[in-house]
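Next input, structure requested:
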Amino acid sequence: MSGQTRARSIFQWISRHPRWSTAIAVLVVAVVIFGQNDKDDGASATAAGLVTQPSGAQASRSPTMPNLVGMGLREAESSAPHGYSVHDLSPLSRGVWITSNWTVAATVPTAGSPLPSAEGARLYYLRNDEYTWFRQHPEMPDLPIGTSRENIPQLAGIRELIDYRYATESAPTTTSPPHPIGASDSQPASEPPEASSDPSVELASERASREALASAAYDSAATVVDSLPRAGEKIRIGRMITVVLKPQPQPTYVEPTETAAGTYSGGSSDTNSDESHRFVGHVPSFHCRKKWC
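Numbers count the residues shown, from 1 in each chain. Alright, predicted model coming up:
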């Protein structure tokens, strides 16, 4: 049977059976529509699987440390990972009373690094003014050489982190021996700086340079002669800043010479004169006046 003959027979059958033809047509259309929907759903499911697969891979990775440096301590604590702890970045081991006075200056681990499961995050803080000063001074500024220790505007804001020391050649003999700050927490000289995971530990090189100088007692007349680090050198954030001083010579007191008994040191022989108070040593009774004796 040719194609034309088959088509003519189908048309004649449809003409003789209109109800069956309609039902068959409806069934064919439904099959086509449902088949297309199934195809679309399969494609959607495949696409969804491709989209969600990276999320699952990322979820299996370790959480990372958020960037908290520069945030106020109060705000940083609300964003810190579970199990965090806070520490002073300077070697002074200061505690926090009011969190709004402190800024996060460093974190362990650093921002973006994986958080180890066995150890929580550590936040290291400085006072707000201290953090601002270190950000503004990546290198040591020039100090006003020859001026009083009370007149150092370049160090405004880091008062607690300044250690005053005497220059070796000008230290008074009465000064106390070198006194280490935070020596128990200082890094041993044999340990390289990169070996320490605690940024608040004072480097051995910094500590040795500072402790080689005698501690300076408070002396408003002492003048600035140097600093550690020296002008232009890079500054590690949170380190102690040493101001090297030269004490000013104090006036020498000369003990007056005692005159022989029965004499006086000169001046008018009139004992009623106001100069009679300059008598030194024993004053005989016949020279004594009620005004002075």
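
For the particular helix or strand that has residue 134 in it, name the packing helices and strands.
Using DSSP states H and E, the element containing residue 134 is helix 128-136. Here helix 128-136 touches strand 102-108, going by 3 or more CB pairs under 8 Å, 6 or more residues apart in numbering; DSSP states H and E. Where C-beta positions appear, they are placed from N, C-alpha and C, glycine not excepted.

Show me what the strand it packs on packs onto, helices and strands only.
helix 73-79, strand 122-127, helix 128-136.

neighbouring contacts of the helix holding residue 134?
Helix 128-136 is contacted from outside by 70, 72, 90, 101-103, 105, 126, 155-158, 160-161, 235, 237-238, using CB atoms under 8 Å, 6 or more residues apart in numbering.

Equivalent analysis for stretch 96-116, please.
Residues from elsewhere that reach stretch 96-116 (CB under 8 Å, 6+ apart): 61-74, 76-77, 81, 86, 89, 121-128, 130-132, 134, 197-199, 237-238.

re the thing from before, pick the most deeply packed of the helices and strands packed on strand 102-108.
Stretch with highest mean neighbour count among the helices and strands packed on strand 102-108: strand 122-127 (a mean of 22; mean count of other CB atoms under 10 Å).

quick one: strands adjacent to that strand?
strand 85-88 (parallel), strand 102-108 (antiparallel) (DSSP bridges).

Please, where are all the helices along the stretch 151-293 of the chain?
Counting by DSSP state H, counting those that start in this stretch, the stretch 151-293 of the chain has these helices, from start to end: 204-211.

So which residues of it form strands?
Taking DSSP state E, counting those that start in this stretch as the test, the strands found in the stretch 151-293 of the chain are 162-166, 223-228, 241-246.

when you compare where the first one runs with where strand 241-246 runs, what's the angle?
Relative orientation of strand 162-166 versus strand 241-246 (axes from the mean of the first three to the mean of the last three CA atoms, to 10 degrees): 30 degrees.

could you point out where the stretch 151-293 of the chain is predicted with low confidence?
Residue ranges of the stretch 151-293 of the chain with pLDDT under 70: 170-196, 250-254, 257-293.

50 instead?
Scanning the stretch 151-293 of the chain with the threshold set as pLDDT under 50 gives 174-195, 264, 267-271, 273-293.

pLDDT averaged over the helix holding residue 134, what's the number?
Per-residue pLDDT over helix 128-136 has a mean of 98.

Specify the angle between that helix and strand 122-127 in degrees.
Using the same axes, to 10 degrees: helix 128-136 against strand 122-127 is 100 degrees.

Specify the residue ranges that define each domain of this protein.
3-51, 73-134, 144-246, 258-293 (automatic domain parsing).

which of the contacts of helix 128-136 count as buried?
72, 90, 102, 103, 105, 126, 155, 157, 158, 161, 237, 238 (16 or more other CB atoms under 10 Å).

Using CSV, lay out these together with distance to residue 141.
Converted to CSV, these look like this (distance: CB to CB, whole Å):
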residue, distance to residue 141
72, 26
90, 19
102, 24
103, 21
105, 19
126, 18
155, 8
157, 12
158, 11
161, 14
237, 15
238, 17
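
Quickly check the residues you listed for the two that are furthest apart.
The largest separation in the buried ones among the contacts of helix 128-136, counting by CB to CB, is between 72 and 155 at 23.3 Å.

wait, which of the strands of the stretch 151-293 of the chain is closest to residue 151?
strand 223-228 (8.6 Å).

what does the closest one contact?
140, 143-149, 152, 165, 167, 170, 206, 209-210, 241-246, 248.

Now with 10 Å, please.
Under the criterion CB atoms under 10 Å, 6 or more residues apart in numbering, residues 140-149, 151-152, 154-155, 162-167, 169-170, 206, 209-210, 212-213, 233, 239-248 lie in contact with strand 223-228.

residues contacting the spatially closest residue to residue 234 that is not a sequence neighbour?
Counting by CB to CB, 6 or more residues apart in numbering, residue 139 is the residue found nearest to residue 234 once chain neighbours are left out, at 5.7 Å. With contact set as CB under 10 Å, 6+ apart, residue 139 has these partners: 229, 230, 231, 232, 233, 234, 235.

how near is residue 139 to residue 105?
As judged by CB to CB, to the nearest Å, residue 139 and residue 105 stand 17 Å apart.

Please apply the same query to residue 215.
For residue 215, the distance to residue 105 - CB to CB - is 26 Å.

How about residue 132?
Going from residue 132 to residue 105 by CB to CB gives 10 Å.
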